[in-house]
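Colleague: Here is my input, please return the structure:
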Amino acid sequence: MAQKNNSNKKDKGLELVYGVHPIVELLKAKRRTLVTIYTTKPVPKAWSLIEPLLTSNTQLQYVSRDVLTRLVMTSDHQSVVGLATPFVKRSKFFDPQKSPFLILLDSIHDPRNLGAILRSAYCTGVTGVIMCGNNSAPLQATALKSSAGLAEHLEIYETPTALGAIQELKRVNYALYLATLSGENATTIKYKKPLCLVIGNEATGIAKNLLSYGTQVRLAQRSSDISYNASVAAGILLFLMADQLKII
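Modeller: Numbering: from 1, shown residues only. I've put the predicted structure just below:
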């Protein structure tokens, strides 16, 4: 059994990743290094998905399930926790010719919503994600777990503000579609590439100063006093766009 793991938190620059699929996708993506992996003895059944992907660069340590729970502060780790080099985000803004299908997230607070949106983005063929660094959930272990690890394959750009990103998107001729409660019916719009879907905060939606920059779109619902969860709305809209434009 390994020694106490408090020292691992002192490893500068390393990030925790937990759950079978997040670790599998991290290893498949090969964008960063899994430095250490912690698991139990006997190993979990899903270890057979991880073991073939491990290299000599990864140190294996066996610990108790309780140690894993304390390490990531949740029992939702499936008996697998890793320490990895940081998630690498893009340093350059997107080129509409190379990245014609984007999603911009304006102040998504819940890391589980963030992860679910990133999962849908990957599944629908999104070629780039814009996250706002201010007032938003960070791309850390909880979000990665909620994305089933698929965030590891996405091109993600972080910007200080949504306004600055939207102005740059307009400058390079992206068509913007903003998810609201009072826009045009999302099922009847003729979408045009290159495009960017904008999803707003779970409680307040897209900031008012952004609404004039594109076409507002809405999803039909049974009454006006309810609304879809942000990640659900994002998934539906991304599917509608990707399907119509034959991206998927």
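Colleague: from here on, contacts and neighbour counts on C-alpha atoms
Modeller: Will do.
Colleague: in the protein, which strand has the most residues?
Modeller: strand 175-185 (DSSP state E).
Colleague: After that strand, heading C-terminal, what element do we hit next?
Modeller: Following strand 175-185 in sequence order, the next helix or strand is strand 195-199 (DSSP states H and E).
Colleague: what lines up beside that next one in the sheet?
Modeller: strand 101-105 (parallel), strand 175-185 (parallel) (DSSP bridges).
Colleague: could you dump those strands to TSV with distance to Arg31, mean pLDDT and mean neighbour count?
Modeller: Listed next are those as TSV, based on distance: least, C-alpha to C-alpha, whole Å; pLDDT from 0 to 100; neighbours: other C-alpha atoms under 10 Å:
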stretch	distance to Arg31	mean pLDDT	mean neighbour count
strand 101-105	21	98	26
strand 175-185	30	96	19
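Colleague: follow-up on the earlier one: I would like the residues contacting the longest strand of the chain, please.
Modeller: 169-170, 192-200, 205-206, 211, 213-220, 227 (C-alpha atoms under 8 Å, 6 or more residues apart in numbering).
Colleague: show me what contacts the spatially most central residue of the chain?
Modeller: Centroid-nearest residue in the chain, with C-alpha atoms, centre = their mean: Leu118, separated by 3.3 Å. Contact analysis of Leu118 by C-alpha under 8 Å, 6+ apart lists Ser147, Leu150, Ala151.
Colleague: just the helices in this protein please.
Modeller: 20-29, 47-50, 65-72, 111-123, 141-146, 162-171, 230-244 (DSSP state H).
Colleague: my guess is Gln59 meets Glu51, correct?
Modeller: No. Applying C-alpha atoms under 8 Å as the test, Gln59 and Glu51 come out as separate, 12.0 Å apart.
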